[in-house]
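S.K.: 3D model of this:
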Amino acid sequence: MGCAMIDDPPLLTIRRRFPRPDPALVEALRGIQTGFAVDAMDGSGALHHRIKPVDPAGFVGVAVTCDCGPADNLAVFAALDIAGPGDVLVCATGGHEGTAVIGDLVAGMARNKGAVAVVTDGLVRDLAGLRQVGLPVFAAGITPNSPTRQGPGTAGLPVVAGGVRVDAGDVLVGDLDGVVVIPRERLAAVVERLATIREREAAMDAAVRGGLTMSNAARRLLDSDRVRWVD
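M.R.: Numbers count the residues shown, from 1 in each chain. This next block holds a predicted model:
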């Protein structure tokens with residue numbers, strides 16, 4: 001009995017319309033430290049520690065996702081097509097390290113679309129050109145090797161990048177420490193908690209500058225019966 005013929009899968013699967021967060025809530029995150037965003041989500045939300053800025057710069061924006069196969073970046077162009085001002089291209093590669101996923105030309109196109117950053121769990125190329133483009137680019141590393149454009153891939157659909165699930169419409173915050181993903185449905189709660197976190201951090205900063213050598217919580221623990229001294 002012969003094998004049944006099946007249709008080739010599509011090269012790209014694209015979701016053009018997805019829920020977007022309230023712009024006022026996104027703006028409320030401008031300038032926030034990634035550590036504060038993590039604290040507002042009970043200590044998690046950061047992408048893998050290897051994903052760092054190619055050229056130091058901070059950003060906050062709305063994710064437009066794409067899932068690229070190994071050594072391929074066709075899906076990046078689908079994401080570019082649906083991206084707009086204030087967006088962040090999130091290019092998931094499954095951590096592929098054989099080739100770059102974007103270079104300075106794609107970064108320039110993203111900038112021209114109004115994107116505020118590109119984030120990938122893969123590699124990038126053309127470091128000198130990327131710095132000239134001036135768009136924040138966060139990646140796991142740099143290589144001269146270039147990708148192909150053959151697909152398959154997706155755009156506008158959920159991806160996993162740097163060990164964290166990212167959906168189009170989520171909010172990303174980046175600084176020198178890395179990138180944090182704030183799910184769209186948690187955004188309002190995170191913004192609400194940030195005021196308290198900022199106040200506490202400012203108070204601790206002032207106390208440390210004033211000579212503080214130990215936090216009150218740590219002091220209480222060290223003085224409690226939960227610690228056994230063996231000297």
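
S.K.: From residue 161, how far off is the residue most central in space within the chain?
M.R.: Nearest to the mean C-alpha position of the chain, by C-alpha atoms, centre = their mean, lies residue 179 at 4.3 Å. Using C-beta to C-beta, to the nearest Å, residue 179 is found at 9 Å from residue 161. (Glycine included, C-beta is placed from N, CA and C.)

S.K.: Mutual contacts of the two, please.
M.R.: Shared contacts of residue 179 and residue 161, defined by C-beta atoms under 8 Å, 6 or more residues apart in numbering, are found at 47, 51, 119.

S.K.: what residues does stretch 191-204 touch?
M.R.: 25, 28-29, 32, 36-37, 39-40, 212, 215.

S.K.: which parts of that stretch are buried?
M.R.: 191, 193-194, 197 (16 or more other C-beta atoms under 10 Å).

S.K.: residues in contact with the nearest residue to residue 12 once chain neighbours are set aside?
M.R.: The spatially closest residue to residue 12, leaving aside those adjacent along the chain, is residue 78, at 5.1 Å (C-beta to C-beta, 6 or more residues apart in numbering). Residues near residue 78 by C-beta under 8 Å, 6+ apart: 12, 14, 66, 153-156.

S.K.: ok, those residues vs residue 173, which is closest?
M.R.: Taking C-beta to C-beta as the measure, residue 173 lies nearest residue 66 of these, at 19.6 Å.

S.K.: next SSE after the longest helix belonging to the chain?
M.R.: For the chain, the longest helix by residue count, based on DSSP state H, is helix 187-209. Sequence-wise, the next helix or strand downstream of helix 187-209 (DSSP states H and E) is helix 216-222.
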